[in-house]
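Q: Generate coordinates for the sequence data below:
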Amino acid sequence: MGEPHPPPAAHRPPDRPPALRARALARSFGRGSAALAALGPLDLDLAPGEFVCLVGPSGCGKSTLLRIAAGLLRPGEGELEIRTHAGRPTSMIFQDYGIYDWKTVLANVRFGLDIQRVPRKEADERARTWLARMGLADFAGAYPATLSGGMRQRVALARALAVEPGLLLMDEPFAALDAQLRTLLQDELLGLTQTTRTTTLFVTHSLEEALVLGDRVLVMSARPGRIIAERRPPFGRPRTGAVRDTPACTALKAELWQLLRGEVDGAAVRPAPNGAVSA
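A: Sure, this is the predicted structure:
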């Protein structure tokens with residue numbers, strides 16, 4: 001694998017404090033000789049309203065980073081600080097939707113508002129507004145088991161955005177969808193986040209998806225994951241999904257793959273602490 005890659009300098013506009021700030025952040029799992037170094041150390045800043053995509057080989061700590069940011073895991077070392085406007089909450093969307101089968105679509109979308117103790121009438125109105133924006137107004141009383149995968153992911157997105165988050169964390173939300181539906185939901189997310197200007201950290205294995213959605217694309221190394229490169233797609237805002245068909249997108253996708261290829265090869269043969277090969 002050669003020498004470790006130095007991380008790029010953390011970026012943020014000098015006059016705007018970051019919405020997310022990580023310094024020397026690291027996390028391991030297990031103890032003693034069986035400990036697995038999963039993440040870092042890494043530095044990362046997200047400016048308010050910025051959409052940042054993380055790409056990297058499987059097992060490099062991308063999901064671990066998101067779970068630390070969501071408060072689901074504690075850092076092993078270093079620190080991560082979130083500062084959002086008016087103390088707005090952090091929302092996270094998972095690859096497996098994370099919605100509740102025993103709740104109706106409306107109740108799922110209202111769930112975060114109920115936790116915030118928003119009055120029921122207001123919570124219902126906000127939830128129905130987001131269902132309408134996601135094209136699900138007619139399914140408020142339905143249960144998730146009756147919905148397609150794309151519809152369930154729309155429910156998860158509506159639930160995350162209904163609380164007006166200051167930070168949106170998305171962990172490969174479209175990975176389980178077919179290519180056509182994935183493209184449609186990418187375009188929908190692009191429109192939504194450009195309207196709301198929600199600060200977003202988005203994990204994906206798709207280089208094209210990262211380039212279409214992101215203001216920045218950060219490339220992570222094989223485990224333990226560090227940020228080894230940063231690229232800025234040369235597409236202004238507002239943008240549409242049509243940028244995926246441009247020569248600039250094609251060229252930058254090839255460049256990102258060249259950055260990633262050695263890391264992916266290394267991740268495929270790196271032994272786990274028990275001697276197994278890590279995928």
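Q: Only C-alpha atoms from now on, for both contacts and neighbour counts.
A: Will do.
Q: what about this protein, any weak spots by pLDDT?
A: 1-15, 97, 266-279 (pLDDT under 70).
Q: can you point me to the longest helix in it?
A: If you go by DSSP state H, the chain has its longest helix at helix 247-269.
Q: So which other helices or strands are in contact with that one?
A: helix 207-213, strand 216-220 (3 or more Cα pairs under 8 Å, 6 or more residues apart in numbering; DSSP states H and E).
Q: right, and the ones you listed - which one's nearest residue 255?
A: When the helices and strands packed on helix 247-269 are compared by Cα to Cα, helix 207-213 sits nearest residue 255, at 10.0 Å.
Q: OK, contacts around the residue most central in space within the chain?
A: Residue closest to the average C-alpha location in the chain (Cα atoms, centre = their mean): residue 202, at 2.3 Å. Applying Cα atoms under 8 Å, 6 or more residues apart in numbering, we find residue 202 in contact with 51, 52, 53, 54, 169, 170, 171, 172.
Q: Sort out for me which of those residues are in strands.
A: Counting by DSSP state E, the part of these found in strands is 51, 52, 53, 54, 169, 170, 171.
Q: Kindly indicate which of the residues you listed lies nearest residue 134.
A: Out of these, the member with the shortest distance to residue 134 (by Cα to Cα) is residue 170, at 17.0 Å.
Q: Isn't that closest one up against residue 93?
A: Yes. Counting by Cα atoms under 8 Å, residue 93 is a contact partner of residue 170 at 4.8 Å.
Q: how does the protein divide into domains?
A: Per the record, the chain has its domains at 38-88+166-267, 99-164, by the TED database.
Q: on that earlier part again, report the two of the contacts of residue 202 separated the most.
A: Largest separation among those by Cα to Cα: 51 and 172, giving 14.3 Å.
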